[in-house]
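In: fold the following, please.
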Amino acid sequence: MSRPVPWVSPVLYGAVLIAGLYAWLAGLGDTRPVPFVAGLAALAVLDRFERRIDPVLLLALRVGLFTLVASADGAGLSRVLFVLVPFTAYFAFGRTVSVALAVGCVVVFAAAGTIHDPHWLADAGQVSDLLMFCVGLVLAVTMAAVAAEERRARMELAASAAAVAELSATAERNRVARDIHDDLGHHLTAIVVLLEKATAFRDLDAGAADRAVADAHGSARRALEDVRRSVRTLRESFSLEEALSALVEGQPDVVLEFSGEEGGHDPAALRALYRAAQEGITNARRHARATRVSVAASLDPRGAELVVSDDGRGFAPESEGYGLLGMRERVELAGGRVDIGSPPGGGTRLTVTIPRRAAP
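Out: From the prediction side, this is the model:
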């Protein structure tokens, strides 16, 4: 697995190269420049192709090249390269292996010192070098842990962003589906009912049939206007009273009552009431065969309420379809509730209540 901080190794290689060459030119120790430089160059090439190499083999090659460079550096400055062993291993094998390798580096460092000088523990300089090496290992493992956690957090954030985008797209598809159903579905139902009426009265009452056809034309025009209005409301403010008035216009069997002020009410709640009115009128015509529909909207400081009632054949709970489901979803998103049933006197009564929330 590639490292999230690929710049660490090249920076350390460069520092070791400069320090080693300086020590060679200054005569500090017995430095062999050819294997020293060649080893560092091989490490740079290895890092370039690390994604194509098996992690275990990559680790072994790095340790071998670190050993080559350190053995060619007479000044002993290249031992710092071994802090990269646990650092790079952290991203490929995890924390446990990284810590184990760090401990192993300390043991090897101490063993090499003992072999070279059995009394090295009495040398304060060499003990100080070991302690500094241990500090470097701790910092390397810590830095690797922070980098790995940051990468994990970025991956989770990217996954969350993708999930949010998918949810947003789904919500938008559902909204468009509800709008198509509420807008066009309402008017298409009215057109179908009017054309059926025209067909039924064509031979019995030509005048009534002509009026039904004219009303169907009017419903078609209103459908087109609703589509345009839906587009405009994406950019302009929404007025529930105006929208309801336009909805019942040209429908003598629908009576509208409106009271209250819209100011301060959430536009999403007002749109939800409008869509509920559309669905209520559509269902009254399509399913209840109502001859009279009443739409009453009232707004007050506590909230908004819409009541759609008709004199049709009543409501059957098992007949609830996509339109009512979409209406419930829309109202719930606005923080309200939907109640629908058949009162004792017959017909259907749809009640939508939405508590008042401050407009965003």
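
In: which stretches in this protein count as strands?
Out: Secondary structure of the chain (DSSP state E): strands located at 254-259, 293-300, 303-310, 337-341, 348-355.

In: turn these into CSV, including distance to Leu77 and mean pLDDT.
Out: C-beta here means a position set from N, CA and C on the backbone, and glycine is covered the same way. Output for those, formatted as CSV (distance: least, C-beta to C-beta, whole Å; pLDDT from 0 to 100):
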stretch, distance to Leu77, mean pLDDT
strand 254-259, 86, 93
strand 293-300, 80, 94
strand 303-310, 76, 93
strand 337-341, 75, 90
strand 348-355, 73, 92
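
In: how far away from the center of its chain is stretch 110-124?
Out: In terms of C-alpha atoms, centre = their mean, to the nearest Å, the centre of stretch 110-124 is set 58 Å apart from its chain centre.

In: and the contacts of it?
Out: Gln126, Val127, Leu130 (C-beta atoms under 8 Å, 6 or more residues apart in numbering).

In: circling back to that earlier point, what's the most buried one of the strands of the chain?
Out: Comparing the strands of the chain by mean neighbour count (mean count of other C-beta atoms under 10 Å), strand 303-310 ranks first with a mean of 22.

In: what's in contact with that one?
Out: 260, 265, 269-270, 273, 276-277, 280-281, 284, 288, 290, 292-299, 336, 343, 347-356.

In: one more pass at 6 Å, please.
Out: Residues outside strand 303-310 that contact it (C-beta atoms under 6 Å, 6 or more residues apart in numbering): 265, 269, 273, 276-277, 280, 284, 288, 290, 293-298, 347-356.

In: and stretch 66-80, by the same measure?
Out: By C-beta under 6 Å, 6+ apart, the residues outside stretch 66-80 that reach it are 16, 19-20, 23, 28-32, 35-36, 39-40, 81-82.

In: mark which of those are part of helices, please.
Out: Under the assignment DSSP state H, these contribute Val16, Ala19, Gly20, Ala23, Pro35, Phe36, Gly39, Leu40 to helices.

In: what is the helix or strand of the chain with the lowest mean pLDDT packed up against?
Out: Using mean pLDDT, DSSP states H and E, the weakest-scoring helix or strand in the chain turns out to be helix 206-233, at a mean of 71. When contacts are defined as 3 or more C-beta pairs under 6 Å, 6 or more residues apart in numbering; DSSP states H and E, helix 206-233 sits against helix 124-201.

In: off-centre distance for the helix it packs on?
Out: Helix 124-201 sits 2 Å away from the centroid of its parent chain (C-alpha atoms, centre = their mean).
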